[in-house]
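Enquirer: predicted coordinates and the sequence they were generated for:
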Amino acid sequence: MPSIPKDLHVIDLKLGNGDWDAYFIRNIFNEEDANLILSIPSSVDAPEDKMMWHYSNNGEYSVKSGYKVALESKENAEASDIYTEAESLREKGSVSESERERKKERKKTQETLAFSLSHHPPLLPPPPKWLHKLGRGHRDKVQQFIAITGASEKVALQALKASDWNLEGAFDLFYSHPQFKSFTDSRHLEELYKRYKGRIVLITSYLENPYADMILADGITLLCNDLQVDPQDIVMLVVSWHMKAATMCEFSKQEFIGGLQALGIDTLEKFCERIPFMRSELKDEQKFREIYNFAFAWAKEKGQKSLALDTAIGMWQLLFAEKHWPLVEHWCQFLQARHNKAISRDTWSQLLEFARTVKPSLSNYDAEGAWPYLIDEFVEYLQENGVMQNDQTTDWSLKR
């Protein structure tokens, strides 16, 4: 959540080009208020003087029109003179035609720009009206469902009603039926995408830039900062797997938006809330296998059939750290000493099977098995160097 200054002015809600910062606005205000702000033309003259949010001592905030602020300000002599003149005319019971027009114009400005945001707790919008119609037990379940899944109120209510208000049943429905996760706001997704999309400067205007619509390394770094996740964290591999990303450190618009839609994510808050779930997917044996196999194509250079050795070693160290395979460092040392070549897809996929099925002591290794030649050489390397692990020191299941 962005840091909010004590007094937030309209200028704080604008981008450098004068447009509304839709992403920032939607992260501060609830949807109704955000839509109201964004509906105001961003080209209004001197917008920084037309609206100001004011926080009270108890943490509530309200909005004042800049016109009222100007009239109340003793430092603004012109506004004070206008106010005094108007009051004087009112006391005399005579208001000129020009004053009426001036008042009408001011009122129009106030009605356009000053809208009520009173009695909202800071950064937390009040519960939706329909929530008050539910019993306390049902309200608690809705809030629990939202907190765990990151789903919207609408989806939470639908899933809970469909499961006869059984919380566990609602979770099962949500995670097993894509339609429950597909309620995302395309406008919000577009705003997220624009936040992370790179700004590419074309060297020549005559050549089409293939990266114009891509989220590249800088954008992914910003995304990681927003998610409070290290760019080297394995969960970013899981994120890329969900997005079906073709290449490391790149998301196309289709990959980014499509992946978030499938996850039921349309805000940064929902994204943050889904990170623990995505991390837990590594504990699922089938999903880990899919993520592992996905990583080969994702990490290799474009146009190459094999994976560069240094990249492969880095990926193995990352992936097998999740499984605590005790031979991973010996494998990497063996490759650097004896192989020093790119890694084929077959070797990549077969190593996972080797790590899963062959004991660290090699006691159940079948020399006549259909292992790739490189893995057979690795076993010989271990035997030559007397590297034998105690079977009790490994556990293929995840350890955290």
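Expert: Done, it's in.
Enquirer: next, count neighbours for K302.
Expert: K302 is flanked by 7 other residues according to other C-beta atoms under 10 Å. Glycine gets a C-beta too; all of them are placed from N, C-alpha and C.
Enquirer: now it. Its backbone dihedrals?
Expert: phi -60, psi 140 (degrees, to the nearest 10).
Enquirer: contacts only, for it.
Expert: By C-beta atoms under 8 Å, 6 or more residues apart in numbering, the contact list for K302 reads T247.
Enquirer: again, but for K141
Expert: Contact analysis of K141 by C-beta under 8 Å, 6+ apart lists L160, W165, L167, A170.
Enquirer: and the third one, how far from L160?
Expert: Going back to what we said before, that points to L167. Per C-beta to C-beta, to the nearest Å, L167 is found 7 Å from L160.
Enquirer: now do the shared contacts for these two.
Expert: Shared contacts of L167 and L160 (C-beta under 8 Å, 6+ apart): K141, F145.
Enquirer: can you show me the CA trace of stretch 320-328 as CSV?
Expert: Output of stretch 320-328 as CSV, limited to C-alpha atoms (Å, rounded to 0.1, in the frame of the first residue of the first chain):
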residue,chain,number,x,y,z
PHE,A,320,16.6,-28.5,-5.6
ALA,A,321,17.0,-26.3,-2.6
GLU,A,322,13.2,-26.8,-2.3
LYS,A,323,13.7,-30.6,-2.2
HIS,A,324,16.9,-30.8,-0.2
TRP,A,325,18.5,-33.2,-2.6
PRO,A,326,22.0,-33.7,-1.0
LEU,A,327,23.8,-34.5,-4.3
VAL,A,328,22.9,-31.2,-6.1
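Enquirer: so that it lines up with my notes, have the first residue be 6 from now on.
Expert: Happy to do that; since the first residue is 6 now, the last one works out to stretch 325-333.
Enquirer: quick one: buried residues of that stretch?
Expert: For stretch 325-333, a neighbour-count test (16 or more other C-beta atoms under 10 Å) marks F325, E327, K328, W330, P331, L332, V333 as buried.
Enquirer: I'd like the residues you listed as TSV, with distance to D145 and secondary structure appended.
Expert: Output for the buried residues of stretch 325-333, formatted as TSV (distance: C-beta to C-beta, whole Å; DSSP: H, G, I helix; E, B strand; the rest coil):
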residue	distance to D145	secondary structure
F325	42	helix
E327	35	coil
K328	38	coil
W330	43	coil
P331	46	coil
L332	49	coil
V333	45	helix
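Enquirer: ranges for the helices of the stretch 256-405 of the chain?
Expert: 258-268, 273-285, 290-304, 314-325, 333-339, 350-362, 378-389 (DSSP state H, counting those that start in this stretch).
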